[in-house]
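Enquirer: Sequence below, structure please.
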Amino acid sequence: MILPLVILPDPILRQVSAPVERIDDHVRRFADDMLETMYDAPGIGLAAIQVGEARRMLVIDLAKENEPKAPQVFINPEIVDTGAGVSVYEEGCLSIPDYYAEVQRPDTVTVKYLNIKGQEQTVTADGLLATCLQHEIDHLNGILFIDHISKLKRDMVVRKFRKLAKDKAPSRQAS
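Expert: Got it, this is the predicted structure:
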């Protein structure tokens, strides 16, 4: 099932997500719905908070268009180490449609998480996977990629999305 995306300036995007207590059929179905939503958008990563669920869960698939899908589910992910180097990627976000900016982040991360079967896993990632993991884990902590750019640019983006939200809101007419 495709879930509705939460778009800036919705305040839920600033919530810190709670840990997933138990991995059951409901959580597995939700992970499938998150993946379907991400593919439909289309995107390469999605955090649960972006579909209105404040739980520490994210999905990623970095497969290119002509490659078979390679979905990954991360439950209760936690960055346990970062590399000393930095990398810069142009990032975008399904919750901030059509806006992209260069973001500097550590070039490698080690992330501890539970897979969909509830098994503890550790992955050390670099390149796009490292960037994507950091971006999505930021979401779980109420942080957006625009928080990593200059205040001036961030304020402009937030103003634009506030105006768009206001323009979409139904107008109240005096009776």
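
Enquirer: Name the residues that touch the helix or strand where A125 lies?
Expert: Using DSSP states H and E, the element containing A125 is strand 120-126. By CB atoms under 8 Å, 6 or more residues apart in numbering, the surrounding residues in contact with strand 120-126 are 80-81, 83, 87, 107-115, 129, 133. The way it works is simple: take the backbone N, C-alpha and C, and place the C-beta from them, glycine included.

Enquirer: Return the closest of those with respect to L62.
Expert: Among the contacts of strand 120-126, L129 lies closest to L62 (CB to CB), at 6.1 Å.

Enquirer: If I follow the layout properly, that closest one ends up in contact with A63?
Expert: No. Checked against CB atoms under 8 Å, the pair L129 and A63 is beyond contact range at 11.6 Å.

Enquirer: Would you mind pulling the contact partners of the next helix or strand after the strand holding A125?
Expert: For strand 120-126, the following helix or strand on the C-terminal side (DSSP H and E) is helix 127-140. For helix 127-140, contacts defined as CB under 8 Å, 6+ apart pick out 13, 16-17, 44-50, 56-58, 60, 62, 74, 77-79, 83, 87, 89, 91, 93, 95, 103, 105-109, 111, 123, 125, 144-145, 147.

Enquirer: are any of these buried, and which?
Expert: 13, 17, 44-50, 56-58, 60, 74, 77, 79, 83, 87, 89, 91, 93, 95, 103, 105-109, 111, 125, 144-145 (16 or more other CB atoms under 10 Å).

Enquirer: Take those residues and keep only those in strands.
Expert: Among the buried ones among the contacts of helix 127-140, the ones falling in strands (DSSP state E) are 45-47, 57-58, 60, 74, 77, 79, 87, 89, 91, 93, 103, 105-106, 108-109, 111, 125.

Enquirer: Quick check: mean pLDDT of the strand holding A125?
Expert: The pLDDT scores in strand 120-126 average 98.

Enquirer: Can you list the strands that it pairs with?
Expert: strand 108-114 (antiparallel) (DSSP bridges).
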